[in-house]
Structure formats: structure tokens, C-alpha cells
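*Asks:* Let me see the structure of the following:
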Amino acid sequence: MELAEVSLPAPGPGEVRIRNHAAALNFFDILLIQGKYQTRPPLPCTPGSEVAGTIDALGAGVTGFTIGDRVQAVVSSGGFADFSIAQPHKTFSIPEKMSYTEAAAMIIVYQTSYFALTKRITIAAGEWLLVHAAAGGVGLSAVQIGRALGARVIATAGSVEKVEFCLTQGADYALDYRDAGWVDHVREITGGHGVDVVYDPVGGEVFERSFKCIAPEGRLLVIGFAGGTIPSVAANRILLKDMSVVGVYWGGYAARHPEYPAETQKALFAMYNADQIRPIVTASFPLEEAPKALRALAGRRTTGKVVLTIGGR
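*Replies:* Numbering: from 1, shown residues only. Predicted structure coming up:
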């Protein structure tokens, strides 16, 4: 990757241009750069899908926004830049008390977790929710939203420090999944019942072992494969526990239902304003240090979200 000067993009009809003040990193940015993501844009490309800043220009036919509005947006690409082009239905005015770094960090991971826990399944108050990789951006959003919906949350993470971090963010219990006994600990915590819902962005061995502590009629949410290995499922295990394995691909659903992101963001802002959820940005880097930021994320050296600050903001 290199920082380069390019021409200023102009918004087309039905588009807005945002002067970025912050852009958030996601694990899929790393996969995209490596050519391992499900979509492969032509090279050269500028990564980055979550931005926050101010509306800088409006394309023909755009209503509902004015120049200078403080917004966050999901962009198809090009987030790691001074300016981005966005579609209005994926652009949202942000609360006055929300910072640009919080706004950039909030969109995709919180949309994904809300989609998982309210649309792909409906988690009930009092149910046990097991969240893997809970110290990362998407896992942390699931912990917070799960608590807001009344679930009892067990978090797993990959270090002592991350386990402690999860407890500070609202998890009722937190376990180190490097300890082979974490499955037994889950059973003990739940009084032998097992967890009703597993939220898994890791895959691999963590996914496999989750079958051993999920309750009958439980639901296992497949969020992603940050562990690097895509597991297979033995259908007899699903049958014997009357359980469900449920795919969660927010991006695909949002493309088929373009009205959904705005509906979800309205609900998330209500949770934010009620202090039930809050994006946690634990590391920020200037735009020119984007490769360093991505290496920190890839090396599992961060918690919460990692954000690029742009234009001195």
C-alpha cells in the first residue's frame, strides 16, 4: 500500500460526497487486500468501507442532506481517503454528542450484530449468549447489543488482558479460549444447560468446540472466519440437538433490502442515546499510517475498533 494523490471524485446523480474525518478498519479489509475476500475489486483500489465526516457535495436528485451535515456512511470502497462517495440510503446523520471516530467505528459491526440477534434470530431476555472474539470490534458490538436485549453474556477472548477488557464492557463472564477447558467452564456457568446462542466470527476449532456447549434447540450464528479456517458441519450434530446453524451476511441482506440499514441505524442510535451501546476506539492512526494500523489489527494486538484519523481530526 502507498499514499497517493488522486483526482477529487465528483458525486454522480443520487450520490453524496463526504469530507472524511475518520475511517474505521475491519478484518475484511485485510482479506480484501490479500485477495481472499468474497469480492475482489480491480487493482489498484483504495480500501475502507466505514467513514465519518461532513457532507461536502450533493449529486443531482439528493434530498434529506445539506452541505456541512455531520454524517457516517458505509461506502463500497475508498474509505481510506480524504473524500469518499456514498449512497444516501447508507449515509446517516449522527447524534451531536457522537464523535467522528465513534461514528466511523459504529456502522458495520453494530449493524451486523443487530441483524444477527434481531433478524436472523430473535434472542430473548434471559437467554445465554456466548460471544467469541468478544474483545474485537464485531464481538464487542454483540456483547453490548446482547446485554441491551436482556441476554446473559459469556465472552471469550485470546488473552488475559482481553478477557478483562470484556468484563469491563458488560460481559457477565469472560473466558480465555486458548484454555482447552473453556467448554467445561461454559457448562458450569450455565448450570449444565449450555448456551442458547453462539455468536461466532472466528470459525475453525472455536466453531467446532461450540457444538459441545450449545443447548438443545440452540442457534449458532456464523459471522465470519477470522481464525483463518472455514469449518464443516456434521449434520447429525445439528439433528441430535434440534439446533440451528444460521448464516449472518449483513452486506448481502442490505443489498437486497436497501431500506434495512436506515431502519437498523435508527434503532442503534436509540440504544446509543440511552447509553446501552457505545463504540470503543482503542487505537487511532493518521491516514498515512494505514498499513501500520492494518498490521496491528491483523496481529490481534488491538481491542475494540481501530480508526484512521483524517485531516487532523
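
*Asks:* Show me the strands in the stretch 1-150 of the chain, by range?
*Replies:* Under the criterion DSSP state E, counting those that start in this stretch, the stretch 1-150 of the chain contains strands at 16-24, 50-58, 70-74, 83-86, 91-93, 128-131.

*Asks:* again with the stretch 201-313 of the chain
*Replies:* Counting by DSSP E, counting those that start in this stretch, the strands of the stretch 201-313 of the chain are 214-222, 244-247, 281-286, 305-309.

*Asks:* Any chance of JSON lines for the strands of the stretch 1-150 of the chain, columns mean pLDDT, distance to Leu167 and mean neighbour count?
*Replies:* (Each C-beta comes from the backbone N, C-alpha and C, glycine too.) Shown next, in JSON lines, are the strands of the stretch 1-150 of the chain (pLDDT from 0 to 100; distance: least, C-beta to C-beta, whole Å; neighbours: other C-beta atoms under 10 Å):
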{"stretch": "strand 16-24", "mean pLDDT": "97", "distance to Leu167": "24", "mean neighbour count": "25"}
{"stretch": "strand 50-58", "mean pLDDT": "97", "distance to Leu167": "27", "mean neighbour count": "23"}
{"stretch": "strand 70-74", "mean pLDDT": "98", "distance to Leu167": "28", "mean neighbour count": "23"}
{"stretch": "strand 83-86", "mean pLDDT": "96", "distance to Leu167": "36", "mean neighbour count": "23"}
{"stretch": "strand 91-93", "mean pLDDT": "97", "distance to Leu167": "31", "mean neighbour count": "22"}
{"stretch": "strand 128-131", "mean pLDDT": "98", "distance to Leu167": "13", "mean neighbour count": "30"}
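
*Asks:* Quick one: those as TSV, columns for distance to Glu188 too.
*Replies:* Output for the strands of the stretch 1-150 of the chain, formatted as TSV (distance: least, C-beta to C-beta, whole Å):
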stretch	distance to Glu188
strand 16-24	36
strand 50-58	38
strand 70-74	40
strand 83-86	47
strand 91-93	42
strand 128-131	12
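
*Asks:* Compute the first-to-last residue distance for stretch 210-228.
*Replies:* End-to-end span of stretch 210-228 (C-alpha to C-alpha, to the nearest Å): 17 Å.

*Asks:* Buried residues of that stretch, list them for me.
*Replies:* For stretch 210-228, the neighbour count (16 or more other C-beta atoms under 10 Å) marks 210-211, 213-215, 218-227 as buried.

*Asks:* try stretch 63-80
*Replies:* 69-75, 77-80.

*Asks:* ditto for stretch 118-127
*Replies:* So for stretch 118-127, counting by 16+ other C-beta under 10 Å, buried means 120-121, 123, 127.

*Asks:* What distance do you get for the nearest residue to Pro47 once chain neighbours are set aside to Leu268?
*Replies:* Nearest residue to Pro47 in three dimensions, chain neighbours excluded: Asp29, at 4.8 Å (C-beta to C-beta, 6 or more residues apart in numbering). Counting by C-beta to C-beta, to the nearest Å, the gap from Asp29 to Leu268 is 21 Å.

*Asks:* Tell me which of those two has more neighbours.
*Replies:* Asp29 (25 against 22; other C-beta atoms under 10 Å).

*Asks:* show me the residues around that one that make contact.
*Replies:* 47-49, 294, 297 (C-beta atoms under 8 Å, 6 or more residues apart in numbering).

*Asks:* next one: Ala226
*Replies:* 27, 133, 136, 201-203.

*Asks:* rerun at 7 Å
*Replies:* 27, 133, 201-202 (C-beta atoms under 7 Å, 6 or more residues apart in numbering).

*Asks:* so where is this structure shaky, pLDDT-wise?
*Replies:* Low-confidence segments of the chain, defined by pLDDT under 70: 312-313.

*Asks:* Break it into its domains for me.
*Replies:* What automatic domain parsing lists as the domains of the chain is 16-106+258-309, 124-248.

*Asks:* any chance of those in CSV, with distance to Tyr114 too?
*Replies:* What follows is the domains of the chain, written out as CSV (distance: least, C-beta to C-beta, whole Å):
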stretch, distance to Tyr114
domain 16-106+258-309, 5
domain 124-248, 6
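
*Asks:* How much space separates the spatially most central residue of the chain from Thr54?
*Replies:* Most central in the chain under C-alpha atoms, centre = their mean is Val109, positioned 1.8 Å from the mean C-alpha point. Note on Val109: its distance to Thr54, by C-beta to C-beta, is 23 Å.

*Asks:* Could you do Arg40 as well?
*Replies:* 31 Å.

*Asks:* Quick check: Gly126 touching Leu149?
*Replies:* No: contact between Gly126 and Leu149 fails when scored by C-beta atoms under 7 Å: they sit 10.3 Å apart.
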